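Asks: only geometry, no sequence info:
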């Protein structure tokens with residue numbers, strides 16, 4: 001195995017290829033890819049974000065008592081619990097809305113079993129739709145039901 005690795009390294013050297021770098025400094029890569037103005041802008045943005053977080057109380061450089069920390073953790077857990085309940089409620093509401101739509105759709109299909117009732121259901125739907133549209137004047141895109 002060592003002979004194979006040595007053969008590969010020798011072939012790379014003969015071709016003029018540089019040795020593969022195992023570790024490259026991330027800061028050096030950042031400096032190579034970005035100019036000074038971009039770096040300064042990003043550092044300023046990070047500074048503003050950190051200052052805003054400190055002012056909002058997300059973290060503090062000062063010491064926090066254990067009781068205060070426990071209270072905040074309890075409040076955060078309650079907030080997560082409430083958000084989960086709200087999400088679940090919204091999902092149930094959407095599910096029952098879709099279920100109601102399909103029930104009304106199935107009832108409409110059931111009412112249209114024979115052609116005469118299908119025509120009456122469709123004509124009543126069209127009349128309701130046309131009366132709900134605003135009456136247009138001449139040249140309007142809405143057609144009056146009269």
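Replies: Structure received. In this text the structure is predicted, and so the values were computed from the model without any measurement.
Asks: which is the next helix or strand following the one helix or strand residue 71 maps to?
Replies: If you go by DSSP states H and E, residue 71 is part of helix 66-111. Toward the C-terminus, helix 66-111 is succeeded by helix 115-132 as the next helix or strand (DSSP H and E).
Asks: which parts of that next one are buried?
Replies: Using 16 or more other Cβ atoms under 10 Å as the test for burial, helix 115-132 gives no buried residues. Every C-beta, even on glycine, is put in place using the N, C-alpha and C of the backbone.
Asks: which helices and strands does the helix holding residue 71 pack with?
Replies: helix 115-132 (3 or more Cβ pairs under 8 Å, 6 or more residues apart in numbering; DSSP states H and E).
Asks: Next, the angle from the helix it packs on to helix 66-111.
Replies: 130 degrees (axes from the mean of the first three to the mean of the last three Cα atoms, to 10 degrees).
Asks: which other helices and strands contact helix 115-132?
Replies: Counting by 3+ Cβ pairs under 8 Å, 6+ apart, helix 115-132 packs on helix 66-111.
Asks: rewinding a little: mind checking the pLDDT average for the helix holding residue 71?
Replies: Per-residue pLDDT over helix 66-111 has a mean of 91.
Asks: and if you look at stretch 46-54?
Replies: For stretch 46-54, mean pLDDT is 77.
Asks: now stretch 119-131
Replies: 84.
Asks: next one: stretch 3-14
Replies: Across stretch 3-14, pLDDT averages out at 73.
Asks: Give me the buried positions along that stretch.
Replies: Applying 16+ other Cβ under 10 Å to stretch 3-14 flags no residue as buried.
Asks: Same question for stretch 37-45.
Replies: Buried residues in stretch 37-45, counting neighbours by 16+ other Cβ under 10 Å, are absent.
Asks: Let's test this: what are the backbone torsions at residue 133?
Replies: In terms of degrees, to the nearest 10, the main-chain angles of residue 133 are phi -80, psi 150.
Asks: What's the local residue count around it?
Replies: Here the number of neighbours of residue 133 (other Cβ atoms under 10 Å) works out to 12.
Asks: Now do it against residue 90, distance only.
Replies: 32 Å (Cβ to Cβ, to the nearest Å).
Asks: Then residue 46?
Replies: In terms of Cβ to Cβ, residue 46 sits 35 Å off from residue 90.
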